[in-house]
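Chemist: Here is my input; please provide its structure:
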Amino acid sequence: MAWRPTRYLLEGELDNTKRGKVTGWMKFAGINGKVTFDLKGDFHRDIRGAKIRFQGDGTEEDPEATSYMHGFARHQTGSAGDITAGLRPHDYVEYPYVEWYSPENGRVVIELDPGQVEVLGNLLPWMQEEPIRRDQQARNMTRFLRGVAEALKVSPEPTVCISCTPQKKRNQEDSD
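Modeler: Have a look, this model is predicted:
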């Protein structure tokens with residue numbers, strides 16, 4: 001349930017030198033020019049306060065890139081999700097992971113190998129920083145899933161029934 005354009009990533013740079021804000025750009029095969037970012041939130045403690053530069057494995061010649069990336073917004077706004085280089089302390093995963101939630105494209109996830117990411121600038125001392133709150137990330141996911149449900153016109157009421165009797169059998173029991 002996420003847009004996963006890792007295969008088409010050419011390169012990019014994200015900046016969290018201003019607390020509470022993630023800005024930057026990425027280039028993808030299948031999209032002319034850069035995709036720019038203006039997100040609320042912070043990187044995980046392993047890279048908070050720095051910039052990250054990364055290289056993807058995408059190629060401009062990928063025949064599926066244009067089709068896959070069709071509809072991907074050239075400017076991404078919204079909330080930073082889990083963004084980590086996978087360095088210590090491992091508050092989330094042990095590899096580079098970039099996630100954000102945007103009104104333009106929903107949840108987007110990019111997963112990289114450690115050798116594809118370079119950390120630039122001065123990191124904030126992680127021992128003095130609070131980890132990204134899991135309840136905040138759960139709220140990000142809830143907002144995303146609510147948007148998916150609304151787009152699909154799914155009722156906001158719970159639709160899962162545990163230990164329910166099928167309707168036909170229940171009607172038979174009621175008439176007995």
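
Chemist: Hmm, residue 76 is touching residue 103, no?
Modeler: No: using Cβ atoms under 8 Å, residue 76 is not in contact with residue 103, being 9.3 Å away. All C-beta atoms are positioned from the backbone trio N, CA, C, and that covers glycine.

Chemist: These two - which one has more neighbours?
Modeler: Shown here are residue 76 and residue 103; by other Cβ atoms under 10 Å, residue 76 has more neighbours (22 against 13).

Chemist: The helix or strand hosting the more buried one pairs with which strands?
Modeler: Following DSSP states H and E, one finds residue 76 within strand 75-84. Applying DSSP bridges, strand 75-84 is found paired with strand 34-40 (parallel), strand 97-102 (antiparallel).

Chemist: buried ones in that strand?
Modeler: For strand 75-84, the neighbour count (16 or more other Cβ atoms under 10 Å) marks 76, 78-84 as buried.

Chemist: The residue nearest to residue 104 when sequence neighbours are not counted - how many residues pack around it?
Modeler: Among residues not flanking residue 104 along the chain, residue 73 sits closest, at 3.5 Å (Cβ to Cβ, 6 or more residues apart in numbering). Residues within reach of residue 73, counting by other Cβ under 10 Å, total 14.

Chemist: quick one: the helices in this structure?
Modeler: Under the criterion DSSP state H, helices of the chain are mapped to 65-69, 134-151, 167-175.

Chemist: What is the second one packed up against?
Modeler: Taking 3 or more Cβ pairs under 8 Å, 6 or more residues apart in numbering; DSSP states H and E as the contact definition, the neighbouring helices and strands of helix 134-151 are strand 75-84, strand 97-102, strand 106-111.

Chemist: next one: the second one to chain centre, how far?
Modeler: How far strand 97-102 lies from its chain's middle: 2 Å, per Cα atoms, centre = their mean, to the nearest Å.

Chemist: Identify the residues contacting that strand?
Modeler: The contact list for strand 97-102 (Cβ atoms under 8 Å, 6 or more residues apart in numbering) reads 2, 14, 22, 37, 39, 54, 73, 76-84, 86, 107-112, 140-141, 143-144.

Chemist: ditto for the longest one
Modeler: Counting by Cβ under 8 Å, 6+ apart, strand 75-84 makes contact with 14, 16, 22, 35-44, 46-47, 52, 91-93, 96-105, 107-109, 132, 137, 140, all of which sit outside it.

Chemist: average model confidence for it?
Modeler: Confidence for strand 75-84, expressed as mean pLDDT, is 96.
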